[in-house]
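**Q** structure for this input, please:
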Amino acid sequence: MHDYQRPPTLYRYGVREDLELALRQGQFVLRPASNCLTLSFSQVWDGKLFEQFNADSCLIIHNTEEFGERVHRAVQRALPSWAGIDGAVEYGTRAALGAAFTKTAAEADEHEWLFAWRAMQSQLSLNPILIKIGSLENFAELRDRDTYLA
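**A** As a prediction, the model looks like this:
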């Protein structure tokens, strides 16, 4: 049995300009992967992930329940005929949540937490979509790569 409770903190590594929009406006882009639209985070604060994701900053979300509910509500408004779920990615084994949540053992250092939505009708297209969930400033922060090294 898997525990699908969200971790206490989520980390999104990226370019400061994009992450500032995420912090101030709650702006994120859902990207197609494994017949789903996905939004990916890490469950760890790790200096190696800055390099892996070519990032200079990290968005740190401290209230993951509030964040997750806002994300799911925004996607439900934008894509009413899509079903969403979020959970931990499994590495080196087929995930109970399906292909989008399955990665190779070599990718395990990402410790990924994934939000994913699948179209309930097959004819719906998988194009990236922009969502805005409002400011995250009351429960998130932006840290530079240099903060990790300090």
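
**Q** can you point me to the longest helix in this protein?
**A** Identified as the longest helix of the chain according to DSSP state H is helix 64-78.

**Q** just checking, residue 49 touches residue 43?
**A** No: applying CB atoms under 8 Å, one finds residue 49 not in contact with residue 43, separated by 10.7 Å. Bear in mind the C-beta positions are built from the backbone N, C-alpha and C, glycine included.

**Q** ok, back up a step: what's the mean pLDDT across the longest helix of the chain?
**A** Average pLDDT, helix 64-78: 97.

**Q** mind listing the helices for the protein?
**A** 16-25, 47-52, 64-78, 145-149.

**Q** enumerate every residue touching the residue nearest the centre of the chain.
**A** Taking CA atoms, centre = their mean, the centroid of the chain lies closest to residue 40, which sits 2.6 Å from it. By CB atoms under 8 Å, 6 or more residues apart in numbering, residue 40 lies in contact with 12, 112-115.

**Q** returning to what we had before: list the buried ones in the longest helix of the chain?
**A** Residues of helix 64-78 classed as buried: 64, 67-68, 70-72, 74-75 (neighbour count, 16 or more other CB atoms under 10 Å).

**Q** now, among those, which is nearest to residue 6?
**A** Taking CB to CB as the measure, residue 6 lies nearest residue 64 of the buried residues of helix 64-78, at 4.2 Å.

**Q** quick one: the residue nearest to the centre of the chain and residue 31, what's the gap?
**A** 8 Å (CB to CB, to the nearest Å).

**Q** cool, residue 132 as well?
**A** From residue 132 to residue 31 the distance is 16 Å (CB to CB).

**Q** could you do residue 74 as well?
**A** Taking CB to CB, one finds residue 74 at 15 Å from residue 31.
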